[in-house]
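Enquirer: I'll drop the sequence and a predicted model, then ask my questions.
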Amino acid sequence: MTEPRVGLLDEVARYYGQRLAAHGETPGGVDWNGEAGQHLRFAQLARVFDRASGFSVNDLGCGYGALVDFLRAGWADVRYAGFDVSSDMVAAATRRYRADPAARFACAGVPDEIADFGVASGIFNVRQARPDDQWLDYIHATLDALHETSQRGFAFNCLTRYSDADRMRPDLFYADPCALFDRCKQRYARDVALLHDYGLYEFTILVRKTP
Ligand SMILES: C[S@@+](CC[C@H](N)C(=O)[O-])C[C@H]1O[C@@H](n2cnc3c(N)ncnc32)[C@H](O)[C@@H]1O
């Protein structure tokens with residue numbers, strides 16, 4: 001990890017640690033408006049899974065681990081690893097899922113092992129005071145890490161630059177879906193899907209790799 005990325009991730013960890021302290025292990029604690037939106041996002045990301053059972057998932061930016069419940073409800077025999085830069089989030093998730101032998105959590109800014117699939121929900125949204133070019137470099141570097149640590153594919157979401165202008169906030173980053181789609185096609189895989197039709201001010205990109 002480069003030095004600038006370390007400083008940036010410290011800021012991110014502080015921000016989300018404060019959210020957790022204020023709102024607890026709830027969607028509000030990871031900066032979502034509610035459970036419906038959190039699950040709608042999971043449902044888009046999960047479209048990258050190309051099988052009903054027997055695979056592994058790296059969840060980058062796992063928060064308190066809400067994706068574990070979502071996975072357990074829909075798929076069988078999934079090995080889950082959650083990574084978060086906030087040690088408070090990792091402590092909460094570890095406590096919450098201590099009885100689940102196929103779930104583990106680690107404090108890290110990139111996955112520490114290769115999985116079938118990688119997912120990242122909400123990690124590219126809050127840039128605080130970081131300028132556009134720095135935040136975009138960070139997104140690109142993190143996508144490279146997701147690519148390097150996923151065998152069958154990965155999926156992520158971002159706020160969209162097609163959001164209503166009067167609702168946009170300077171501390172949030174609104175990405176260009178077409179530019180990221182193009183980057184994923186050029187760098188990672190031939191099969192890339194851009195989902196921008198699920199009613200939130202964001203989009204999801206699925207990168208499917210040929211095994
Ligand atoms: C918006 S929250 C979403 C949490 C979870 N994915 C969910 O949807 O419930 C983003 C989480 O990602 C973590 N995070 C942000 N950037 C990260 C990175 N590069 N690596 C690991 N964790 C990150 C934050 O600390 C925070 O807990």
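Expert: Now that the structure is in, tell me what you want to look at.

Enquirer: residue contacts, residue 145?
Expert: 60, 110-111 (C-beta atoms under 8 Å, 6 or more residues apart in numbering). (Each C-beta comes from the backbone N, C-alpha and C, glycine too.)

Enquirer: actually residue 21, not the one I wrote
Expert: residue 88.

Enquirer: For this structure, what lies in contact range of the ligand?
Expert: Neighbours of the ligand within the chain, by C-beta under 6 Å from any ligand atom: 9, 12-13, 16, 30-31, 38, 60-63, 66, 83-86, 89, 109, 121-123, 142.

Enquirer: Closest one to residue 164 out of the contacts of residue 145, please.
Expert: Among these, residue 60 lies closest to residue 164 (C-beta to C-beta), at 28.5 Å.

Enquirer: how deep is that closest one tucked in, by neighbour count?
Expert: 25 (other C-beta atoms under 10 Å).

Enquirer: Verify the contact between it and residue 120 for me.
Expert: Yes: counting by C-beta atoms under 8 Å, residue 120 is a contact partner of residue 60 at 4.3 Å.

Enquirer: Might you report the residue contacts of residue 124?
Expert: 135, 139, 142, 156-159, 173, 175 are the contacts of residue 124 under C-beta under 8 Å, 6+ apart.

Enquirer: the longest helix in this structure is where?
Expert: If you go by DSSP state H, the chain has its longest helix at helix 3-23.

Enquirer: pLDDT (mean, whole number) over it?
Expert: Mean pLDDT, helix 3-23: 91.

Enquirer: Kindly format the C-alpha coordinates of that helix as PDB.
Expert: The C-alpha trace of helix 3-23 is given here as PDB (Å, rounded to 0.1, in the frame of the first residue of the first chain):
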ATOM      1  CA  GLU A   3       1.800   6.100   1.800                       C
ATOM      2  CA  PRO A   4      -0.900   8.500   0.400                       C
ATOM      3  CA  ARG A   5      -3.400   5.600   0.400                       C
ATOM      4  CA  VAL A   6      -2.500   4.800   4.100                       C
ATOM      5  CA  GLY A   7      -3.400   8.400   5.100                       C
ATOM      6  CA  LEU A   8      -6.600   8.400   3.100                       C
ATOM      7  CA  LEU A   9      -7.700   5.100   4.700                       C
ATOM      8  CA  ASP A  10      -7.000   6.500   8.200                       C
ATOM      9  CA  GLU A  11      -9.400   9.300   7.500                       C
ATOM     10  CA  VAL A  12     -12.000   6.800   6.100                       C
ATOM     11  CA  ALA A  13     -11.600   4.600   9.200                       C
ATOM     12  CA  ARG A  14     -12.100   7.500  11.600                       C
ATOM     13  CA  TYR A  15     -15.200   8.600   9.700                       C
ATOM     14  CA  TYR A  16     -16.900   5.200   9.900                       C
ATOM     15  CA  GLY A  17     -15.700   4.600  13.500                       C
ATOM     16  CA  GLN A  18     -17.600   7.700  14.400                       C
ATOM     17  CA  ARG A  19     -20.700   6.600  12.500                       C
ATOM     18  CA  LEU A  20     -20.700   3.300  14.300                       C
ATOM     19  CA  ALA A  21     -20.300   5.000  17.700                       C
ATOM     20  CA  ALA A  22     -23.200   7.300  17.000                       C
ATOM     21  CA  HIS A  23     -25.700   4.700  15.400                       C
END
